[in-house]
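*Asks:* Provided below for reference: sequence and predicted model.
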4 protein chains.
Amino acid sequence: MFTSEVQLRVRYADTDQMGYVYYGKYASFYEIARVEALRSIGVSYKSLEEQGIMMPVWENHSYYLQPAQFDEVLTIKVLVKEIPMAKMIFTYEIYNESFQLIHKGETVLVFMNKETRKIMRAPQMLIEILKPYF
Amino acid sequence: MFTSEVQLRVRYADTDQMGYVYYGKYASFYEIARVEALRSIGVSYKSLEEQGIMMPVWENHSYYLQPAQFDEVLTIKVLVKEIPMAKMIFTYEIYNESFQLIHKGETVLVFMNKETRKIMRAPQMLIEILKPYF
Amino acid sequence: MFTSEVQLRVRYADTDQMGYVYYGKYASFYEIARVEALRSIGVSYKSLEEQGIMMPVWENHSYYLQPAQFDEVLTIKVLVKEIPMAKMIFTYEIYNESFQLIHKGETVLVFMNKETRKIMRAPQMLIEILKPYF
Amino acid sequence: MFTSEVQLRVRYADTDQMGYVYYGKYASFYEIARVEALRSIGVSYKSLEEQGIMMPVWENHSYYLQPAQFDEVLTIKVLVKEIPMAKMIFTYEIYNESFQLIHKGETVLVFMNKETRKIMRAPQMLIEILKPYF
């Protein structure tokens, strides 16, 4: 299993009039966590796209256990539990400053050829880099 | 079953550099669909909050079948398949201008007392209004 | 002078914990107003981009007179006071449901060749369509 | 003059289909810069609100010199050139990784009593903390 961790601070723009983080903002938190998880093993998502590989989202699942609030520093733990083949699954656990698990999520991404916009298999380079973790 | 339908046009702000609607934007599309679905049966979500009842999201699930693009008019079909008790489940089907199903989603909301921030049962008024559909 | 009007309803996603529309959301309101203003004279911004002409923003100015709130239907009046040459200036007045002017804005856009990403003059087609208004 | 600096990485969610940061996103970049500038002198905007003082935005001005792109680390320099009295003015300069100035901005904020929602003068505490810089 490959795991990674990233921290981010809740912005005022993330809140809604309930006084909590808007439920639609978590998707962008996941995105940051994925991008940083890949960067931590030397994979730049930006470079992937420049090499013609896009990773559109196929499924997204969110479980809101406790609300997050403005100015809190959240810790997002990212888990990749399987070597990516046709798709890559990221699982997230979000903790608040009191180390409480406040949110869980899961995103299924596929690999797509940027030119043809056809689904493809995971690039061999990514598989090689991830292999030692499994 | 209670169903409703709403249309919205994709904004430039909704797109990302992939040239499609950013995956995190669908949550706000669902929100519009829910609010309009409730309005169609005479329930104003704004008034609910003013009466002290908030509906925070408990779970959210998204299935991205085909991408949506800038300036497209999307039709969102909303389905409520069960009378709300402790929670209320909205299911969505999003169609593009060619009547293709491009996206499916589901949101589970709970009812919360705005003052105490405690979970509560669905307000009796809402149950009464929805009853005839089931 | 060319003027146009569009209405939009404030989304929950637009609010922040102050209970008003987040100040950064007005830029997307302006965008909708511009796109619909152009559509009202038969110009599709989407088609412009497909023809290789992009209109990036050069300057943006916002004046927040009164807050906007969730679920309000806002009326955005758009004014184009000069024939576009090197740049196109859109001025906005936003009114709430009580016809109060609550916000003013102005956006300066330029024309850019999508391939070369070089600044260009306004397309002749757009100038011709706008001429009768001046 | 009081100055401060903050860095942030452009998120995928910040981009639009032009391949650059959407023009409406800079407002949230400014917000982060303001909040961190205040934190750097021991003022928590969150605490200000908890003490009943809100700082709504009165005016916002943006100058887009060069586009910002996904994954870039931007440096935002914040300048406060006058002691706040009835209003507080933040000026921003945004630099890309090549130290090029790509964006300028200015936000005028006022102070508001959270309960009465009436405009008030800058809190004495904030004036005292800022005095040594002027």
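*Replies:* The structure has been received and is ready for your questions.
*Asks:* so which strand or helix has the closest residue to A:Arg34 other than its chain neighbours?
*Replies:* The shortest distance from A:Arg34 to any non-neighbouring residue, by C-beta to C-beta, 6 or more residues apart in numbering or on different chains, is to A:Phe90 (5.3 Å). Heads up, the C-betas are built off the backbone N, CA and C, glycines and all. Taking DSSP states H and E as the definition, A:Phe90 sits inside strand A:87-95.
*Asks:* who are the packing partners of that strand?
*Replies:* Applying 3 or more C-beta pairs under 8 Å, 6 or more residues apart in numbering or on different chains; DSSP states H and E, one finds that strand A:87-95 contacts helix A:26-40, strand A:73-80, strand A:101-113.
*Asks:* list the buried ones in the shortest one?
*Replies:* For strand A:73-80, the neighbour count (16 or more other C-beta atoms under 10 Å in any protein chain shown) marks A:74, A:76-78, A:80 as buried.
*Asks:* pick out the most distant pair among those residues.
*Replies:* Pairwise distances across the buried residues of strand A:73-80 peak at 19.6 Å for A:Leu74 and A:Val80 (criterion: C-beta to C-beta).
*Asks:* that older thread, looking at the buried residues of strand A:73-80, which is nearest chain D?
*Replies:* A:Ile76 (13.3 Å; C-beta to the nearest C-beta).
*Asks:* which strand residues bridge that closest one?
*Replies:* A:Val6, A:Ile94 (DSSP bridges).
*Asks:* what's the distance between it and chain B?
*Replies:* 15 Å (C-beta to the nearest C-beta, to the nearest Å).
*Asks:* cool, A:Gly52 as well?
*Replies:* 13 Å.
*Asks:* go on, A:Phe134?
*Replies:* As for A:Phe134, its distance to chain B is 26 Å (criterion: C-beta to the nearest C-beta).
*Asks:* same thing with A:Lys118?
*Replies:* 13 Å.
*Asks:* what's around A:Lys131, how many residues?
*Replies:* 10 (other C-beta atoms under 10 Å in any protein chain shown).
*Asks:* likewise A:Pro84?
*Replies:* With other C-beta under 10 Å as criterion, A:Pro84 counts 19.
*Asks:* surely it touches A:Leu126?
*Replies:* Yes. A:Pro84 lies in contact with A:Leu126 (C-beta atoms under 8 Å); the separation is 6.5 Å.
*Asks:* wait, what's in contact with the residue most central in space within chain A?
*Replies:* Nearest to the mean C-alpha position of chain A, by C-alpha atoms, centre = their mean, lies A:Arg34 at 3.2 Å. Listed by C-beta atoms under 8 Å, 6 or more residues apart in numbering or on different chains, the contact set of A:Arg34 reads A:45, A:78, A:90, A:107, A:109.
*Asks:* what's the answer for A:Leu101, then?
*Replies:* A:65, A:93-95.
*Asks:* drop anything exposed from those.
*Replies:* Applying 16+ other C-beta under 10 Å to the contacts of A:Leu101 flags A:93-95 as buried.
*Asks:* and those, which is closest to D:Arg11?
*Replies:* Among the buried ones among the contacts of A:Leu101, and counting by C-beta to C-beta, the member closest to D:Arg11 is A:Ile94, at 16.3 Å.
*Asks:* how about stretch A:5-25: buried residues?
*Replies:* Neighbour counts over stretch A:5-25 (16+ other C-beta under 10 Å) mark A:6, A:8, A:10-25 as buried.
*Asks:* how distant is it from the center of its chain?
*Replies:* 16 Å (C-alpha atoms, centre = their mean, to the nearest Å).
*Asks:* isn't A:Lys131 right next to A:Glu82, touching?
*Replies:* No. Between A:Lys131 and A:Glu82 there is no contact under C-beta under 8 Å: 11.8 Å.
*Asks:* tell me the residues on chain A that lie near chain D, please.
*Replies:* Residues of chain A found near chain D (C-beta under 8 Å from any C-beta of the partner chain) are A:11-13, A:27-28, A:31-32, A:35, A:44-46, A:70-71.
*Asks:* mind running it again at 10 Å?
*Replies:* Proximity of chain A to chain D (C-beta under 10 Å from any C-beta of the partner chain) is limited to residues A:8-14, A:25, A:27-29, A:31-32, A:34-36, A:39, A:44-47, A:49, A:55, A:69-72.
*Asks:* residues in contact with A:His61?
*Replies:* By C-beta atoms under 10 Å, 6 or more residues apart in numbering or on different chains, the contact list for A:His61 reads A:91-92, A:104-108, B:59-63, B:106.
*Asks:* report the beta-bridge partners for it.
*Replies:* Residues in beta-bridge contact with A:His61 (DSSP bridges): A:Glu106, B:His61.
*Asks:* for the closest residue to A:Lys104 other than its chain neighbours, what are its contacts?
*Replies:* Spatially, and ignoring its direct neighbours in sequence, A:Lys104 is nearest to A:Tyr63 (4.3 Å; C-beta to C-beta, 6+ apart). Listed by C-beta under 10 Å, 6+ apart, the contact partners of A:Tyr63 are A:26, A:92-94, A:101-106, B:57-61, B:108.
*Asks:* please, which helix or strand holds A:Tyr63?
*Replies:* strand A:57-64.
*Asks:* report the rounded mean pLDDT for that strand.
*Replies:* Taken as a whole, strand A:57-64 has an average pLDDT of 98.
*Asks:* same deal with stretch A:89-107?
*Replies:* The model assigns stretch A:89-107 a mean pLDDT of 98.
*Asks:* quick one: buried residues of that stretch?
*Replies:* A:90-96, A:102-107.
*Asks:* so what would you say the end-to-end distance of that stretch is?
*Replies:* One end of stretch A:89-107 to the other measures 6 Å (C-alpha to C-alpha, to the nearest Å).
*Asks:* same thing with stretch A:81-101?
*Replies:* 19 Å.
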